[in-house]
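whatever this is, show me its structure:
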Amino acid sequence: MPTYTATDAQDRLPALLDASERGESVTITRHGRPVVELRPIPTAGDRRVNAESIDWLERQLADLPPPAEDSVAQLDAVRGGPPGAA
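Below you'll find the predicted structure:
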């Protein structure tokens, strides 16, 4: 990953933004220490969760047997009974 001083980055900001749009990342330093990483933001197509992955998960869950008891009853059991019970 290329490294630029803060002054160089300021002088080259439009070019660094263009590079970021192409998928490149750069590190910006101040007084020799890295302080910022300029990197591209993932686009919708880069996301791990998408309609296809949700459909896959729903198909997987549909094949599971139903739980023996509902989640509210499970939480009540862990907490020691329903709220207000003494």
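
any weak-confidence spans in this structure?
Scanning the chain for pLDDT under 70 picks out 44-47, 82-86.

quick one: the strands in it, in order.
Using DSSP state E, the strands of the chain run over residues 3-5, 26-30, 33-38.

can you add distance to residue 56 and mean neighbour count and give the ones you listed back as TSV?
In short, each C-beta sits where N, CA and C put it, glycine included. Shown next, in TSV, are those (distance: least, C-beta to C-beta, whole Å; neighbours: other C-beta atoms under 10 Å):
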stretch	distance to residue 56	mean neighbour count
strand 3-5	40	15
strand 26-30	36	16
strand 33-38	32	12
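
with distance to residue 19 as added columns, please give these in a markdown table.
Formatted as a markdown table, these follow (distance: least, C-beta to C-beta, whole Å):
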| stretch | distance to residue 19 |
| --- | --- |
| strand 3-5 | 11 |
| strand 26-30 | 7 |
| strand 33-38 | 8 |
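
residue 50 versus the closest residue to residue 74 other than its chain neighbours, what's the distance?
The shortest distance from residue 74 to any non-neighbouring residue, by C-beta to C-beta, 6 or more residues apart in numbering, is to residue 67 (7.9 Å). For residue 67, the distance to residue 50 equals 28 Å [C-beta to C-beta, to the nearest Å].

and what of residue 15?
Here residue 15 is placed at a distance of 32 Å from residue 50 (C-beta to C-beta).

do residue 57 as well
Taking C-beta to C-beta, one finds residue 57 at 11 Å from residue 50.

the nearest residue to residue 37 once chain neighbours are set aside: what's it in contact with?
Distance criterion C-beta to C-beta, 6+ apart; nearest residue to residue 37, sequence neighbours excluded, is residue 27 at 5.5 Å. The neighbourhood of residue 27, defined by C-beta atoms under 8 Å, 6 or more residues apart in numbering, consists of 1, 2, 3, 4, 34, 36, 37, 38.
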